[in-house]
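Student: Task: produce atomic coordinates for the following.
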Amino acid sequence: MSSTEEKFREDLTAHLLEVATGNGYLKGILLNTPDLDEAWQRYAPSFYPEAVREFNGYPEFCLACAGYLGMAVAHLWDKDWTKYRETPYSFFQGERGFDDMDDHITANILKEGKHCVAAMQSLSAATYHFLMKSGAEAGTAEAYRLFLISIEVLYKIGAAIELARLGYKFEKLG
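Tutor: Coordinates of the predicted model:
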């Protein structure tokens, strides 16, 4: 990863933490867990092509779906990770696949919609605007890589928001 891409990741993460904290979803700290990161590595190869295919028509929706996926994975991690660790990507999709992933996750996995929808609407809009301000020319390899970074950051933010909603407390150690 180039230094420009790493800076974009760091700046986007800080910006989204600020937005999430300002909206009361987090307290300025992003939880990183090996289990949730490992799950992302498994799901990303299936998620990326769908998000890329739909991005031009529905950019904020595609970004939000990454956050919803993070929320769903965190929810299952809390519920019974031994049981759900190997859950296939298709489990997170609705009847229409990627197109109703948000509704499927909020209704059937999280069973809680208001909090999730409000969080993902504000964070996906913030991410999209941040991405557009990056200066990357649309359709370039750089724009593609920044989009993939944005998706991963939103997945991690979504996971942190769900864990906070479930009562986990994030504290800096040391």
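Student: can we go C-alpha only for contacts and neighbour counts from here?
Tutor: OK.
Student: need the next SSE after the strand or helix carrying residue 41, C-terminal direction.
Tutor: Residue 41 belongs to helix 34-55 when assigned by DSSP states H and E. Downstream of helix 34-55, the next assigned helix or strand under DSSP H and E is helix 59-84.
Student: Return the list of helices and strands in contact with that following helix.
Tutor: helix 34-55, helix 101-104, helix 114-132, helix 141-165 (3 or more CA pairs under 8 Å, 6 or more residues apart in numbering; DSSP states H and E).
Student: which one of these lies closest to residue 22?
Tutor: helix 114-132 (10.8 Å; CA to CA).
Student: average model confidence for the closest one?
Tutor: Summarised as a single mean, pLDDT over helix 114-132 is 93.
Student: relative to helix 59-84, how tilted is that helix?
Tutor: 130 degrees (axes from the mean of the first three to the mean of the last three CA atoms, to 10 degrees).
Student: Which strands or helices does helix 114-132 pack on?
Tutor: Using 3+ CA pairs under 8 Å, 6+ apart: helix 114-132 touches helix 3-22, helix 59-84, helix 141-165.
Student: Pull the contacting residues for the residue most central in space within the chain.
Tutor: When CA atoms, centre = their mean is applied to the chain, the residue found nearest the centroid is residue 155 (2.1 Å). Residue 155 sits next to 40, 66, 67, 68, 69, 70, 71 when contact means CA atoms under 8 Å, 6 or more residues apart in numbering.
Student: circling back: any chance of the helices and strands packed on helix 114-132 in TSV, with mean pLDDT and distance to residue 120 too?
Tutor: Below are those laid out as TSV (pLDDT from 0 to 100; distance: least, CA to CA, whole Å):
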stretch	mean pLDDT	distance to residue 120
helix 3-22	96	10
helix 59-84	96	5
helix 141-165	95	8
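Student: who's in contact with the nearest residue to residue 154 once chain neighbours are set aside?
Tutor: Counting by CA to CA, 6 or more residues apart in numbering, residue 67 is the residue found nearest to residue 154 once chain neighbours are left out, at 4.8 Å. When contacts are counted by CA under 8 Å, 6+ apart, residue 67 touches 120, 151, 154, 155, 156, 157, 158, 159.
Student: Would you confirm that the fifth one contacts residue 68?
Tutor: Pointing back at residue 156 there. No - Residue 156 is not in contact with residue 68 according to CA atoms under 8 Å; the separation is 10.0 Å.
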